[in-house]
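Novice: make a model of this:
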Amino acid sequence: MKKNTLIASVALSLATLTCAFAAGEGWVTDFEVAKKSAAEGKKDLLIDFTGSDWCGWCIKLNEEVFDHAPFKKGTQDKFVLVELDFPQKKELDAKLKEQNEALQQKYQVQGFPTILLCDATGKPYAKTGYQPGGPEKYVAHLDELVAVRTKRDEAFAKADAAKTDAEKAAFLVEGLKALDAELVDSSYADVIEKIGELDKKDKTGFVKERKEAIAKKESAAKVEEKLQEFTGTKIQPLMVAKKYPEALIAVKEFIKSNPDLPEQYKIGMILNIGLAGPMEKGDLDAANTFVDDVVKEYPESDIAENVDTIKGRIKQGIEQMKAQAGAAEEEAEEAPVEKEAPAEEKEAPAEKE
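Specialist: Sure thing, here's the model as predicted:
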């Protein structure tokens, strides 16, 4: 090899290495490099979907866990650490940004930080995020999640060794049941398809179960999109016009016509609209009565369990609004009133040369 060719080759290798390890110490940013390293080292992947320069919980996770020696020591023999960053204040390399966005879509990551544990092929088996307690506790948490992979792999091994299709299908189902349902839906379509081939009559009921779950999720997404449109075109104009009763009636009609809307959305809409009037008037009794009515309608909801806390926040909000209004009135009363100048003084005298 010629000298200049050798130098160029080394420079290219160093550039690739620099890009791959551009994140914090010990973290890889190139997903393919990470998978290769995991396969060679017989390790798993710990993937951190993060917003490094804007996401408060991401920064907190770094400062409390990832930046400490016990975390690095506790993970170095088990994981290749992968950082997939989505910054807002700095600009990523175009290729890296494209990779991260593609992986976010592939794994259907919605929020940050999201931590995925995957095998060396990139197949996820557990998902987590910020956990309080420091690095030692976080490593123990990861160890518990790794046990999920053990259950998956043991069941899949039994499926490989099984003699009948029915047994194979049953063990594959057992392996998937050990995983989070969202991960199964996003990353195990091939296994679900295989189960369908082995168990054509779906005696396990698993294929039907997952199809129904996916259909329900897709339906919920459509309803949410419809909700956003409804809120913007129907509710927002009514709220701006302070037509709160009409807005509440419209919301209840929308909920009735969309039974698949998640309960927390229903309650959130009803509370936000229904409390607007009493809060504006500073009528604490009316606000509390409205909350009680919502609790009666949704007795098994989170609001029923936390009704005292909610009422406490309403009271605090009304008191703050009254205090702000009182302060504004005092400020207006104390402001000096400018007197109109006499007619002969209105026109400023010309400057003397």
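Novice: which residue ranges form the helices in the stretch 151-300 of the chain?
Specialist: In the stretch 151-300 of the chain, the helices defined using DSSP state H, counting those that start in this stretch lie at 165-177, 181-187, 189-198, 206-230, 236-240, 244-257, 263-274, 276-281, 284-297.
Novice: so which elements touch the longest one?
Specialist: Right, the one you point to is helix 206-230. With contacts taken as 3 or more C-beta pairs under 8 Å, 6 or more residues apart in numbering; DSSP states H and E, helix 206-230 sits against helix 165-177, helix 181-187, helix 189-198. Every C-beta, even on glycine, is put in place using the N, C-alpha and C of the backbone.
Novice: hmm, who's touching that helix?
Specialist: For helix 206-230, contacts defined as C-beta atoms under 8 Å, 6 or more residues apart in numbering pick out 173, 176-177, 181, 184-185, 192, 195-196, 199, 202, 254, 258, 260-262, 265.
Novice: on that earlier part again, and of the helices and strands packed on helix 206-230, who's closest to residue 324?
Specialist: Of all those, it is helix 181-187 that lies closest to residue 324, at 43.1 Å by C-beta to C-beta.
Novice: who's in contact with that closest one?
Specialist: By C-beta under 8 Å, 6+ apart, helix 181-187 touches 106-108, 123-127, 176, 192, 210, 213-214, 217.
Novice: how about that helix: buried residues?
Specialist: 183, 184, 185, 186, 187 (16 or more other C-beta atoms under 10 Å).
Novice: ok, now stretch 209-226?
Specialist: Those would be 210, 214, 223, for stretch 209-226 by 16+ other C-beta under 10 Å.
Novice: tell me the pLDDT at the last one?
Specialist: In the prediction, the pLDDT value recorded for residue 223 is 77.
Novice: how much space separates it from residue 127?
Specialist: According to C-beta to C-beta, to the nearest Å, residue 223 and residue 127 sit 24 Å apart.
Novice: cool, residue 156 as well?
Specialist: 19 Å.
Novice: for the protein, which element, helix or strand, carries the lowest mean pLDDT?
Specialist: Ranked by mean pLDDT, DSSP states H and E, the helix or strand of the chain with the weakest confidence is helix 3-20, at a mean of 38.
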